[in-house]
Structure formats: C-alpha cells, structure tokens
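1. Based on what follows, work out the 3D shape:
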Amino acid sequence: MTSSARNSYDELTIPYMRTVSLRVEGFDATIASHCRSKAVVGNSMPKPISLKGKTFTPRFEPRRFKELMLFIADRSQGDPDFGATKLNKILFFSDFFAYGMFGKSITGATYQRLEKGPAPKQLLPCRNELIESKRAELIERQRFNRSQKRLIAKDDANISIFTPEEIALVEQVIERMLDGKTATQTSDLSHQICLGWKVAGDRQEIPYEAVFLSTEPMTPSDVRVGLAVAKRHGKLRAS
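-> Okay, the predicted model is just below:
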C-alpha cells in the first residue's frame with residue numbers, strides 16, 4: 001500500500017477506539033479497532049462511528065459495486081479457486097476493511113450471514129446486469145468435485161470512480177490476504193475473523209460496525225480503558 005493510502009487512515013481520530021494491526025497473515029494494514037469495552041459496558045452493538053463530526057450511514061452504490069465486481073474478476077483471472085465464494089469474501093473484506101480504515105465502505109452493499117460466510121445481498125441482480133450487458137459472463141465448472149461459478153470480466157472496469165486507497169486495499173485483499181487460498185479456506189477465514197458473522201442469525205444483516213469487534217481476549221490495558229469509558233458514560237454497575 002502506498003504511503004499516501006497509509007496516512008489517510010493512520011491519522012483518523014475515533015473516540016474510545018485504539019489503533020491495532022490486523023492480525024491476518026500477509027495483510028499489511030492498520031485499522032481503528034473498538035476498545036472491546038462491550039464486555040464492560042453492555043452487549044449492544046457499537047453505534048455508527050463519527051469521523052470529524054460526520055456519521056457514516058451505508059448507502060448502496062450499484063455502479064461502484066458492479067465496477068468493483070469487474071475489477072475483482074479481472075484481477076482474479078489467474079486464480080483457479082476464484083468463484084462465487086471468493087468473490088463474495090473479497091467484496092466483504094474490501095467493504096468492511098474500508099469502513100474500518102476510512103470511515104466509509106467502498107460500495108455500501110448490505111452483507112448477510114450465509115452458511116459459507118458473509119455475502120452481499122445485491123450480488124445476484126448486479127451480476128445479472130453485467131451478464132445481460134455483455135460486460136461479464138458466468139462459467140460453471142467443476143473444481144475439487146464441486147461446482148464453481150466463475151465470473152469472467154469481458155470489459156474493463158472503470159476504476160476512475162474509486163480512490164487510489166480503495167484500489168490499493170482491494171488489491172491487498174486479493175493478492176496478499178487470499179492469494180493461494182481455496183474457496184473453503186477463504187470461507188473459513190471469514191468465519192474466524194468476522195465476529196459479526198458469528199453472532200448474526202441466518203440471512204441476518206451484518207452491520208459494518210462489527211468490523212470493530214475483536215475475538216481476541218482482553219488485556220489488562222483493554223479492561224482499564226473499557227472501565228474508564230464505562231465510568232465516563234455512567235455505565236458502571238454498582239458492585
């Protein structure tokens with residue numbers, strides 16, 4: 001990732017959150033992570049974060065979503081394991097990590113819990129539009145005795161609608177985070193690091209704020225920070 005991309009999110013200031021490295025092998029990124037005061041303050045999902053006085057509300061942008069699908073399909077043409085599962089997870093990781101890093105997702109798509117991991121609700125209609133307009137085609141083939149639905153880009157993606165930081169992030173997800181992983185391994189990874197998927201019901205929406213939830217055990221420092229935040233907001237229960 002370029003230094004300009006790195007600076008654009010390193011300098012974000014988010015109250016009651018601390019900056020930690022994403023512990024995903026091969027993925028060079030830093031996001032603002034919720035300080036894990038959930039266990040101290042209560043069980044509610046964190047409210048939408050505020051960046052410089054602006055609260056992000058996801059708004060789906062079909063054009064961006066379809067162009068991103070084309071870009072991912074083109075960049076994944078050499079990956080024999082690229083199919084519907086991997087496409088879903090690349091979109092998910094890209095959108096959620098963008099929200100964690102920049103305070104806004106790339107496409108604003110809505111992601112739901114499916115058995116094989118998070119998936120965007122808008123994928124099928126957008127994929128069909130790309131196919132009907134001859135900008136892409138869908139090839140179904142066998143891969144490890146399983147059916148693989150592979151999106152093939154027939155037209156160049158218009159990447160001018162994305163920022164360089166967004167493109168750099170997507171490339172890292174494809175080339176460094178998921179490179180060499182099978183569809184099953186990619187699905188398993190989304191289960192491991194997405195706490196939102198673990199707590200959501202079947203086909204239930206996974207809120208973007210879930211990117212700030214951590215599956216790592218709390219450290220003494222986390223507990224101190226969480227208690228301080230809870231006390232400041234009057235959330236401490238009398239012992």
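
2. so how far does stretch 72-92 reach from one end to the other?
-> With C-alpha to C-alpha, to the nearest Å as the measure, the ends of stretch 72-92 fall 12 Å from one another.

3. before we move on, what about stretch 106-113?
-> Terminal residues of stretch 106-113 lie 19 Å apart, using C-alpha to C-alpha.

4. May I ask you to name the longest helix in this protein?
-> Assignment by DSSP state H gives helix 84-102 as the longest helix of the chain.

5. Remind me what the first helix or strand past that helix going along the chain packs against, helices and strands.
-> Scanning forward in sequence from helix 84-102 by DSSP states H and E, the next helix or strand is strand 111-114. In terms of contacts (3 or more C-beta pairs under 8 Å, 6 or more residues apart in numbering; DSSP states H and E), strand 111-114 is packed against helix 84-102, strand 117-120. C-beta: built from backbone N, CA, C; applies to glycine.

6. any idea whether residue 149 is helix, strand or coil?
-> Three states are possible here, and by DSSP: H, G, I helix; E, B strand; the rest coil the one that applies to residue 149 is strand.

7. Bridging across strands, which residues link to it?
-> Going by DSSP bridges, residue 149 is paired in beta bridges with residue 140.

8. What residues does residue 142 make contact with?
-> Applying C-beta atoms under 8 Å, 6 or more residues apart in numbering to residue 142 gives the contacts residue 148.

9. would it count as being in a strand?
-> Yes. According to three-state DSSP, residue 142 belongs to a strand.

10. Residue 171 versus that one, what's the distance?
-> Between residue 142 and residue 171 the distance, using C-beta to C-beta, to the nearest Å, works out to 29 Å.
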